[in-house]
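Visitor: please work out how this folds:
(chains A, B and C)
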Amino acid sequence: MTKTINLTLKVWRQPSTESKGGFETYQASDISTDMSFLEMLDVVNEKLTMDGKEPIAFDHDCREGICGQCGSVVNGRAHGPEKGTTLCQLHMRHFSDGDTIAIEPFRARAFKVLKDLMVDRSALDKVIQAGGYVSVNTGGTPDANAIPISKEIADKAMDAAACIGCGACVAACPNASAMLFVSAKVSQLALLPQGRPEAARRVTAMVRTMDKMGFGNCSNERECEAECPKEISITNIARMNREFFKAGFFSATK
Amino acid sequence: MSWFVNTLGSSIGKKLMMAISGLSFCGFLVAHLAGNLFIYGGRDAFNSYATHLHSLGPLVTIAELGLLTMALIHVLTGATLFYENLQSRPQRYAVNKSAGGRTIGSATMPYTGAFLLLFVIFHLLNFHFVDKTHITIFDIVSKSFSHPAYVVFYVLAMIIAGIHVSHGLWSAFQTLGANHPKYMPVIMMLSLVFSLIVGIGFGFLPIYISLIA
Amino acid sequence: MHLDAKIPGGPLAEKWDRHKFELKLINPANKRKFEIIVVGTGLAGGSAAASLAELGYNVKSYCIQDTPRRAHSIAAQGGINASKNYQNDADSDRRLFYDTIKGGDFRAREANVYRLAQVSGNIIDQCVAQGVPFAREYGGLLANRSFGGAQVSRTFYARGQTGQQLLLGAYSALSRQIAAGKVQMFTRREMVDLVLVGGQARGIVVRNLITGDIETHTGDAVVLCTGGYANVFFLSTNAMACNVTASYRAYMKGAMFANPCFTQIHPTCIPVHGTYQSKLTLMSESLRNDGRVWVPKTAGDKRSPDQIPETERDYFLERKYPSFGNLVPRDVASRNAKEQCDQGKGVGETGLAVYLDFRDAINRDGKDVIAQKYGNLFQMYEKITADNPYEKPMMIYPAVHYAMGGLWVDYNLMSTIPGLFVLGEANFSDHGANRLGASALMQGLADGYFVIPYTIGGYFAGAKLPKVSADQTEFTIAAKEADIRTKRLLSINGKRTVDDIHRELGNILWNYCGMARNDAGLTKARTLIQSLRSEFWENVRVPGSDKDINQSLERAGRVADFLEFSELMVVDALTRRESCGGHFNEAFQTEENEARRDDENFCHVAAWEYAGEGKDPVFHKEPLVFENVKLTQRSYK
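Guide: Down below sits the predicted model:
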């Protein structure tokens, strides 16, 4: 049933990458429990605008949990307290009247803060550019049914491919490691026969780029898996490790 | 050999070194604990085990050098990882909350590891690098554990060792890529059992010795 | 002006092959001398940028998001059609062509739609080769499901995330070309103007959304893949950033806008729950296979659904359309839900919802069977509404979600501005007055992978393209105008926020240019839009500066264009004096309240030419010639 609640927000405000940020406190009054978290921020922003203040900058787009553009750390949790949920799909009914909510940007050396809650996640694109693809040009591909792929493999590949690239795994990892993101792409393409021909080259290049981007090292804390809005499993990390060792020790890749 | 350095020098390569050296310590712990169980056989049994062990001569030296190498790898790589990971998030979160992935073991690895390093040095100084020409190993041990402070310290250290391996063992399998939905639960269970064996198996020895001393 | 669609001659099935052969080619070594601007990185833009770069062209790609993997194509759930006939159920290019033409209520171009059907199979081959994990059968071959408007199983899917997987496939191909240096990627850039030199599209003006800088970029051709304009309604299933600005700016520079009143309203969305709602969420239309749509028989009945006995429920779709029942097409289902709510029979707190009830299906098949079919959808519904659809009927209401209209393009996908190509939802070409499910993904990828790589070469081979530079007056003036406009928005400092005005615009359109339209309402809407537009320029408040990230400013620019564009929509709706597909004028309906087309007078594309500020747009007509299908009246009784 719809009701309204009042909240105290402690929001990270930072005008630009270079400037020093800090927390500001705002009151969010008469928040309908049917609102999504981002709609609650919209309401706060409308009020800030009318009060002559600058609204809180935050990234968002599809607001249905698939584009991966939104994401902040809410009370210490990437995308907030609900399991398997992006921030845009987190609803205010999971909060109680009088709660204080701390909202911070995703933090990692590899993710610079651009403004307030917005961060630069282009490091993830760089990793994909290093090899997160099958090198086929448009046209000239064989018939889609030419290579049968077992349902089990296709399903596993799909589990990995569900990644939305939001960066919550990095944000949640105590070491700001991007292993879950990278392993999801490596796994998807390593599992499928289409990806096998360049598997060694791919995993090597992607892992090296990941390291170069300044992400931390994985120490198997499993926070990424617990926080991932698409619940991607760390079995993908294990698979990437196997692929990496295979490529490093037993392939011609240097 | 650039491929070798490139592979081991990467983040996953470093994990590999941690996993292999860590697993070798787990193996060592098993052997060490098995040997220590002779204490329950009394003074003569334990001393004769020690004599037998030392009669292996160069094999012991090789094993010791091996362990030393592993220790160097484990400590140096671990320290590097700890330092790099600290740097990977220069600005920390104001509020930190686990989503349920971390365990006491995983969250404290660098700290329990550092403590264990100090403990191992202390332990070696106490029991290994001592003049044993006029005293048997059993006497050294029982003399040491007559001090209650020693007992407390050793029991604490063994609990910490248990915590360290509770994460370390399954984590090594994960790093090596041995994660399969059918077997991972078994490995996780094994890790827990092994950490209890280490904690209780080693931890009870000082108490036992102090009781009979 | 004569609109030449440049449809090749010859029999329908041979037109595309013939055209490909007749198009002049560019020598591989010469391709690198051309620079192509591709705006947008959805299915159309991503696939176009990647494919053009593979051919050797130098591509500059632009997107509004932080990475080219997020455009709203990603949200498509159901699947992508292709006439593979893998299910041996008599599918063919011709059948896919016919279904699409008929589904579009006979308001699309035959040649374009046939080409779409012809390349549909190549799309699936291409995506599989890229590693898109389509659903498979146990035997390892691709699985298919059926979708609305077709009697064959031709829809390929990847769980409920087909759009995501196809987009990530295009993104991976694009990433490969970025790494190869053939595509220069510009993220967080919003196109604010098109630059013409000597009558040709030769560049764009973009705002850098991080620094606020107004940048100009030159190229030999501009390919717009900027999606649809459904967000003109404020509440839609589109992503927040979807807008009409790029298309509208091109329109102002001379590209004609075709059929702007053709918008699709999807019947099964989660209803609006409050005034602060920012967007709507679609629930797959497959739910209507087992769910029964009903409202209470008495207006104003506020009892909870389990308290309302069977005799007091009105299963209005089953009552009115006994043969199709709950599975009537989208436009019919939507209009009927609205009608019930208008009579005060709507349910829920706002009274703007109808029930979609699974009680009978659960009693018949058991909860497990229903959970297997729709479990993920039920879960999503529960996440948003906190209601359990296994126990309580879902509440649904129609929502705007796709624009069939768009910039006018010829068979080569070139607009009325030479060198300006328009792909995907941004153009008008393939869906007529109503789009069938699983066809949007097909069209975006067809345009990007398999049409533009050929046709743009034909343009380059025949065009004189003098060198241009960003220092030229055409560019500096355009940049200056963009800057002035931005500064003007910031200087108003009035009393209403951008969202507040956008919401009001959305209400006007929803009420008067939504599911059912009439002349009086449309005329009123036009006046309301005009006065709202004046108010916007006098009373909007845009905080912050133009020198850094300013999301209010971004939205203000988009809403300013929506306020212009919405009038064009209304004018188009007023001019089309018939009902067809998504355009339902109450004055033109059959006795059974169905859309009544007027094939004699309105079997054409309405293309609008910008005539200058404050002037009525100029109407142009592209007659639609149907040589291969017979025009029929749709009935679902």
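Visitor: contacting residues for the residue lying farthest from the centre of chain B?
Guide: The outermost residue of chain B, judged against the average C-alpha position, is B:Ala94 (33.4 Å), by Cα atoms, centre = their mean. Taking Cβ atoms under 8 Å, 6 or more residues apart in numbering or on different chains, we find B:Ala94 in contact with A:10, A:12, A:23, A:102, A:104. Heads up, the C-betas are built off the backbone N, CA and C, glycines and all.
Visitor: rerun that using 6 Å as the cut-off
Guide: For B:Ala94, the contact set (Cβ atoms under 6 Å, 6 or more residues apart in numbering or on different chains) comprises A:Ala102.
Visitor: now do the one 4 residues further on
Guide: Under the criterion of Cβ under 6 Å, 6+ apart, the contact list for B:Ser98 is empty.
Visitor: now swap in the one 3 residues further on and tell me
Guide: Counting by Cβ under 6 Å, 6+ apart, B:Gly101 makes contact with A:221-223, A:226.
Visitor: close to chain A, is the helix ranked longest in chain B?
Guide: Counting by DSSP state H, the longest helix found in chain B is helix B:58-87. Yes: Helix B:58-87 is in contact with chain A by Cβ under 6 Å from any Cβ of the partner chain, via B:81, B:84-85.
Visitor: I'd like the average pLDDT over that helix.
Guide: Averaged across helix B:58-87, the pLDDT comes to 96.
Visitor: what packs against the next helix or strand after it?
Guide: Later in the chain than helix B:58-87, the nearest helix or strand by DSSP states H and E is helix B:104-107. Packing partners of helix B:104-107 (3 or more Cβ pairs under 6 Å, 6 or more residues apart in numbering or on different chains; DSSP states H and E): helix B:148-175.
Visitor: relative to helix B:58-87, how tilted is the helix it packs on?
Guide: When axes from the mean of the first three to the mean of the last three Cα atoms, to 10 degrees is applied, the directions of helix B:148-175 and helix B:58-87 differ by 80 degrees.
Visitor: helix B:148-175 vs chain A: in contact?
Guide: Yes: contact of helix B:148-175 with chain A (Cβ under 6 Å from any Cβ) involves B:171, B:174-175.
Visitor: is the closest residue to C:Ser429 other than its chain neighbours in a helix, a strand, or coil?
Guide: In space, and not counting its chain neighbours, C:Ser429 is closest to C:Asn112: 4.8 Å by Cβ to Cβ, 6 or more residues apart in numbering or on different chains. Following DSSP: H, G, I helix; E, B strand; the rest coil, we place C:Asn112 in the helix state.
Visitor: so C:Asn112 versus chain B, what's the distance?
Guide: Separation of C:Asn112 from chain B (Cβ to the nearest Cβ, to the nearest Å) stands at 48 Å.
Visitor: next one: C:Lys524
Guide: According to Cβ to the nearest Cβ, C:Lys524 and chain B sit 52 Å apart.
Visitor: so which of the residues of helix B:148-175 next to chain A is the closest to C:Leu574?
Guide: Distance ranking of those against C:Leu574, using Cβ to Cβ, places B:Gln174 first at 65.5 Å.
Visitor: any chance of TSV for the residues of helix B:148-175 next to chain A, columns pLDDT?
Guide: Output for those, formatted as TSV (pLDDT from 0 to 100):
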residue	pLDDT
B:Ser171	97
B:Gln174	97
B:Thr175	98
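Visitor: looking at these, which one is closest to chain C?
Guide: Chain C lies nearest to B:Gln174 out of these, by Cβ to the nearest Cβ, at 24.0 Å.
Visitor: who's in contact with the closest one?
Guide: B:Gln174 touches A:220, A:238, counting by Cβ under 6 Å, 6+ apart.
Visitor: same deal with the one 3 residues further on?
Guide: Contacts here follow Cβ under 6 Å, 6+ apart; on that basis B:Gly177 touches A:238, A:241-242.
Visitor: mind listing which of those are in helices?
Guide: Those of the contacts of B:Gly177 lying in helices (DSSP H): A:238, A:241-242.
Visitor: sorry, back to before: for the residues of helix B:148-175 next to chain A, which one is nearest C:Val132?
Guide: Of all the residues of helix B:148-175 next to chain A, B:Gln174 has the smallest distance to C:Val132: 28.6 Å, by Cβ to Cβ.
Visitor: circling back: keep only the ones in helices among the contacts of B:Gly177 that also lie close to chain B.
Guide: A:238, A:241-242.
Visitor: need those residues in TSV (columns: distance to C:Gly104 and neighbour count).
Guide: Formatted as TSV, these follow (distance: Cβ to Cβ, whole Å; neighbours: other Cβ atoms under 10 Å in any protein chain shown):
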residue	distance to C:Gly104	neighbour count
A:Ala238	49	22
A:Asn241	51	27
A:Arg242	50	17
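Visitor: as TSV, these with distance to B:Met189 and pLDDT would be great.
Guide: Output for those, formatted as TSV (distance: Cβ to Cβ, whole Å; pLDDT from 0 to 100):
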residue	distance to B:Met189	pLDDT
A:Ala238	17	98
A:Asn241	21	98
A:Arg242	22	98
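Visitor: wait, what's in contact with the closest residue to chain C within chain B?
Guide: Evaluated by Cβ to the nearest Cβ, chain B has B:Ala99 as its residue closest to chain C, separated by 17.6 Å. Contact analysis of B:Ala99 by Cβ under 6 Å, 6+ apart lists A:77, A:223, A:226-227.
Visitor: likewise for C:His72?
Guide: Contacts of C:His72 (Cβ under 6 Å, 6+ apart): C:238-239, C:242.
Visitor: model confidence at the closest residue to C:Met414 other than its chain neighbours, what's the number?
Guide: Closest residue in space to C:Met414, ignoring its immediate chain neighbours: C:Phe421 at 5.2 Å, by Cβ to Cβ, 6+ apart. You'll see C:Phe421 listed with a pLDDT of 98.
Visitor: so C:Phe421, which of the three states?
Guide: strand.
Visitor: wait, it sits on C:Leu413?
Guide: Yes: if you go by Cβ atoms under 6 Å, C:Phe421 and C:Leu413 touch, sitting 5.1 Å apart.
Visitor: show me where the stretch 301-450 of chain C has helices.
Guide: Along the stretch 301-450 of chain C, counting by DSSP state H, counting those that start in this stretch, helices occupy C:316-320, C:330-342, C:359-365, C:367-385, C:440-445.
Visitor: average pLDDT across the fourth one?
Guide: Confidence over helix C:367-385, taken as the mean pLDDT, stands at 84.
Visitor: I am finished for the moment; much appreciated.
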